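[1] Quick one, structure for this:
(2 chains)
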Amino acid sequence: MSTAQPADVLGRDEALALLATMWRIRCFEERVAKLHRSLQVHGLIHLSIGAEGVAAAVCGALRVDDHVYSGHRAHGHALAKGAPMDRVMAELMGRSDGLCQGLGGSMHLVDEAHGLMGATGVVGGNLPLAAGDAMAAKLGGSDRVTVAFFGDGAVQAGHFNETVNLASLWELPLVFVCENNGFAEFTPRSAHTKVESVCDVVAPYDFERRTVDGADVPALHEAIDAYVAAARAGRGPLLLECLTHRRRGHYEGDAEGYRDALAEAEWAKVDPIARLQSLAYECDWLEGDGAAQAAFEDDARAEVEQAVAFARASPPLAPPQAAALVYSR
Amino acid sequence: MSDGETTFVKEVNAALARAMRDDERVIVIGEDVAEGGPYQATIGLAQEFGTERVRNTPISEAAVCGVAIGAAQAGMRPVVEIMFIDFITLALDQLVNQAAKAHFMSGGQLSVPMVLRTQGGAGGRAGAQHSQSLEAWVAHVPGLKVVMPSSAADVAGLLASAIADPDPVVFVENKSLYFRREPAPRSREPSQLGRAHVLRSGDDVTIVALSRLVGEAAAAADRLASEGIAAEVIDPRTLVPLDLETIVASVRRTGRAVVAHEAVRTGGIGGELAAELQAHAFDYLEAPIQRVGAPFTPVPLSPSLEDDYRPGADDVYAAAHRALAWDGHDDA
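    Residues are numbered from 1 along each chain as shown, chains lettered A, B, ... in the order given. Here you go, the predicted model:
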């Protein structure tokens, strides 16, 4: 583990940029939760509130041409990788101006132009695709890297073990990023496996791996920067396990009878935004009067409202337009 | 083997080599492919193209299929081999949930130009887990294309087209066809997917047959011809896209139809063909459409049982006679 102080690994500008990204994700998802209750966004909606630090730090370490594969909890990854918020919102609302013309929705976001190559609603199903993507980069002589986001629930799926084996065997430029929130759907990790740490699962494959506090953005930033550089230099695959708190249910509407909500004081300790803001005040990156902090939130909320207006103005595709997209030819 | 002869599996092998020579994005990936595989379909490719492009994999059908999809989405043209069609069960999440839907769900951003080569069919005394015909499963999924070549003369052109196609193609071979001596193809140029082949023309009954049953149908047609009955034999060659036009036109002319495949009759693609034919040729039909397929049991091991199980020329011949003899009463 690093003994560096947070301010040594994260400069002012980087910290504030990450904070802005996290606020964008937080405000977007809080709005999505409301839109879900009024049936304006569709399908199963899985929010990442509590894990924004991982999305911001990991995608912040990537180039535009680096590729990301995500899972069902993908809004943060999409926004942090550069997908325009208005088109993400339109996608969740099933509109033709959505990223995927309203044919994918919350669980299947794709933005090829920004390197978001796919999200999937089948837990673990994205992992071999990410390996194939990394294999293509390696075969093509490119130095781009691939990141595969997944939750700890995916680790018990066969896809995970098959993919980890292949990635290790072929030494792929792939960074596995696990958001370990301790819950697989409604049940705690302890009910799914005796292996406490995801890093322990891949230990026999002997690739670099590390567990970090997913609410500690400087630690995330330092770790992922090093891992992306290592993958780019041909030392992949690697695994970064980020311990996060899933603030909301498995999906919106989940009654969460299986756990008690954290008290506010406890939440503040695991909230990556609150944590980074505290650091920003300590380091005098933010003025003490709170105005700058409020500006991040205000800007994000304004962008979200513009995104909602954009989405509402967009019609859904007509059935023949959708039918024409089954095949490329 | 004389100059004008070849085998199905040699044509597959040569088509793969040509595609790899022509386009460096083409890679071959699967269990034992660098060693040639159990039927030698990929023999020699690793020597010519190296083991990066002809890549052995562990026994991980799901991940290997997924790797091919991910590579295809990143611009490669992978040809993944699933050694027996029975094992696509392990890869179906990737094939059905990922490959088939990527173009649609991404609003057209992604394409998956991959081919999944596999082989099925009974007759090898291999038992129920290495002998199935599961093409109907994949033909049921929008987004996949399904090709079922029936001859050495056809397979090279169809495989070339499948590899060049921008969509995911399931390319279903039949192990019984691999090593027969057959006439060499006149052309190995890519042949358009979705175009049926009319093997022989006739006005009395139309026989639509798939894969191994095409040869069986031709044999049945010979026997019918000796009785003065002219059967038209059509090989659709691709199930998706399907050249319904050619088949419907034939049945409107003959008024009688047999659909024949090796797959279990229940839920087989023959049912779909029959339904389309009755919808498009109802007023022209003189008899119920006859279906030939395997019985509703797993493929048995015992040679006598397997031979009895596997549909062949006799079954097609009998089905044609049922269609010809129809007098308005179902006495079956």
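
[2] Pull the contacting residues for whichever residue of the stretch 201-329 of chain A sits closest to chain B.
    Going by C-beta to the nearest C-beta, chain B is nearest to residue A:328 of the stretch 201-329 of chain A, at 3.7 Å. Where C-beta positions appear, they are placed from N, C-alpha and C, glycine not excepted. The contact partners of residue A:328, taken as C-beta atoms under 8 Å, 6 or more residues apart in numbering or on different chains, are B:103, B:108, B:111, B:113, B:166-167.

[3] show me which of those neighbour chain A.
    Contacts with chain A are made by B:103, B:108, B:111, B:113, B:166-167 out of the contacts of residue A:328, judged by C-beta under 8 Å from any C-beta of the partner chain.

[4] follow-up on the earlier one: quick check: chain neighbours aside, which residue is closest to the residue of the stretch 201-329 of chain A closest to chain B?
    Using C-beta to C-beta, 6 or more residues apart in numbering or on different chains and skipping residues adjacent in sequence, the residue nearest residue A:328 is residue B:166, 3.7 Å away.

[5] The one you found: neighbouring residues, count only.
    15 (other C-beta atoms under 10 Å in any protein chain shown).

[6] Can you tell me which of the ones next to chain A among the contacts of residue A:328 are buried?
    Neighbour-count burial (16 or more other C-beta atoms under 10 Å in any protein chain shown) applied to those gives B:103, B:108, B:111, B:113, B:167.

[7] ok, back up a step: please tell me how far the residue of the stretch 201-329 of chain A closest to chain B sits from residue A:162.
    From residue A:328 over to residue A:162 the distance is 28 Å, taken as C-beta to C-beta, to the nearest Å.

[8] what do you get for residue B:325?
    Looking at residue B:325 against residue A:162, where the rule is C-beta to C-beta, the gap reads 54 Å.

[9] which of those two has more neighbours?
    A direct count of neighbours by other C-beta under 10 Å for residue B:325 and residue A:162 places residue A:162 higher, at 25 against 10.

[10] Is any residue of the host helix or strand of the more buried one near chain B?
    Element membership for residue A:162 (DSSP states H and E) is helix A:158-169. Yes. Under the criterion of C-beta under 8 Å from any C-beta, helix A:158-169 makes contact with chain B via A:158-159, A:162-163, A:165-166, A:169.

[11] Closest one to chain A out of the contacts of residue A:328, please.
    Nearest to chain A among those, counting by C-beta to the nearest C-beta, is residue B:166 at 3.7 Å.

[12] The closest one contacts residue B:111, doesn't it?
    Yes. Applying C-beta atoms under 8 Å, one finds residue B:166 in contact with residue B:111, separated by 4.8 Å.

[13] OK, contacts around the closest residue to residue B:288 other than its chain neighbours?
    Excluding the flanking residues, the one nearest residue B:288 by C-beta to C-beta, 6+ apart is residue B:326, at 6.7 Å. In this structure, residue B:326 makes contact with B:256, B:286-288, judged by C-beta under 8 Å, 6+ apart.

[14] Check the secondary structure at the closest residue to residue B:84 other than its chain neighbours for me.
    The shortest distance from residue B:84 to any non-neighbouring residue, by C-beta to C-beta, 6+ apart, is to residue B:130 (5.1 Å). Three-state assignment for residue B:130 (DSSP: H, G, I helix; E, B strand; the rest coil): coil.

[15] Would you reformat the contacts of residue A:328 as CSV and include distance to residue A:47 and pLDDT?
    Shown next, in CSV, are those (distance: C-beta to C-beta, whole Å; pLDDT from 0 to 100):
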residue, distance to residue A:47, pLDDT
B:103, 28, 98
B:108, 28, 98
B:111, 31, 98
B:113, 35, 98
B:166, 35, 98
B:167, 34, 98
